[in-house]
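*Asks:* sequence-free structure coming up:
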């Protein structure tokens, strides 16, 4: 039976050519017997355009929710149970949300699991609303977002305030949260996310690092491209391994003494003039300070595990302060003010860039020919 025929049957009911009982019988028969899922879905939509109140209708919808193999049909059945039989909806919905592995179609889904949760939210019913906690999700501006393998992706949504995200405080087992590319000005509303391991707040409008004290399991934090002018508020993040503060307005390296497990630190494109306050970061492997205002290489003596040091596009005049970095393999001094060539005498150094300094090109070429152990990069 084509979809057009189903619609004709429904229109015949509306015009009074057939009675409600006959119309329901036709459509229910089709939903139960047809092998065409698109046809069945259209029939179910038409069925529920008319108010359903009988026990037979409830049992039919309940059976679809529990037994049908098509999850879109299950979802429509659930929606219509909530709409037409709110007083009977709790038990079958509780079973369906707990027992079934619902596929997540997309964050704005109007069919599937998202449509069920949206329908529940329309009811002012404490019991029904308690079912929302059975599926980890958040709600923002009429859109539902689900966790995907422990990740909640909320990037580029125009979010102004984290606290506007309904349900985020309930995601106590969340591992990874992406809030990049929004309009967030303050870090508020993440206090309950104590299992969080990765947090991305890059490309927002954040001025101050705050609201992270309870996130002691965090090991990756992305705050690049914000308006931060001071490093602070990280003292409780003792498990932090990766910190990215590129493209901010930071003028001083400080308050990282408790972050002793840091292995990777990005501070590119800030306004830092002096390398200091890094002595406690004994595990630091990668340090990027490109595009700052640094004039002297200093403050690195305690970083015995440092492998990669990037200092391109600064105001450095002299190669110095590197003697203790015996494990260093990569050194980038591209585009500085260095006038004299000097082998830093580091046994493991392999990548060494001195291009675009105040050194004559011929002299630089001769230096690299003499020190063939170095692999020369313009800018890495």
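*Replies:* Arrived safely. Only a predicted model underlies this, so the values are computations on that prediction, with no experimental measurement involved.

*Asks:* This protein: strands as residue ranges?
*Replies:* Assignment of strands within the chain using DSSP state E yields the ranges 137-140, 143-146, 151-153, 176-178, 198-200, 220-222, 242-244, 264-266, 286-288, 308-310, 330-332, 351-353.

*Asks:* Put together a markdown table for those strands, with mean pLDDT, mean neighbour count and distance to residue 192 on each row.
*Replies:* For the C-beta atoms, the positions are set from N, CA and C on the backbone; glycine is no exception. Shown next, in a markdown table, are the strands of the chain (pLDDT from 0 to 100; neighbours: other Cβ atoms under 10 Å; distance: least, Cβ to Cβ, whole Å):
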| stretch | mean pLDDT | mean neighbour count | distance to residue 192 |
| --- | --- | --- | --- |
| strand 137-140 | 92 | 19 | 12 |
| strand 143-146 | 90 | 20 | 17 |
| strand 151-153 | 95 | 17 | 13 |
| strand 176-178 | 98 | 20 | 12 |
| strand 198-200 | 99 | 21 | 13 |
| strand 220-222 | 99 | 20 | 17 |
| strand 242-244 | 99 | 20 | 22 |
| strand 264-266 | 99 | 20 | 27 |
| strand 286-288 | 99 | 20 | 31 |
| strand 308-310 | 98 | 21 | 36 |
| strand 330-332 | 96 | 22 | 40 |
| strand 351-353 | 90 | 20 | 44 |
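
*Asks:* Distance to residue 320 for those strands - can I get that in TSV?
*Replies:* TSV is the format used below for these (distance: least, Cβ to Cβ, whole Å):
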stretch	distance to residue 320
strand 137-140	52
strand 143-146	51
strand 151-153	44
strand 176-178	41
strand 198-200	36
strand 220-222	32
strand 242-244	26
strand 264-266	21
strand 286-288	16
strand 308-310	13
strand 330-332	12
strand 351-353	15
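
*Asks:* out of those strands, which comes closest to residue 252?
*Replies:* Residue 252 lies closest to strand 264-266 among the strands of the chain, at 14.1 Å (Cβ to Cβ).

*Asks:* can you list the weak-confidence ranges in this protein?
*Replies:* 1-7, 10, 13-17, 104-110, 371-380 (pLDDT under 70).

*Asks:* ok, now which ones touch the most centrally placed residue in it?
*Replies:* The centroid of the chain falls nearest to residue 178 when counting by Cα atoms, centre = their mean (2.0 Å). Contacts here follow Cβ atoms under 8 Å, 6 or more residues apart in numbering; on that basis residue 178 touches 151-155, 200.
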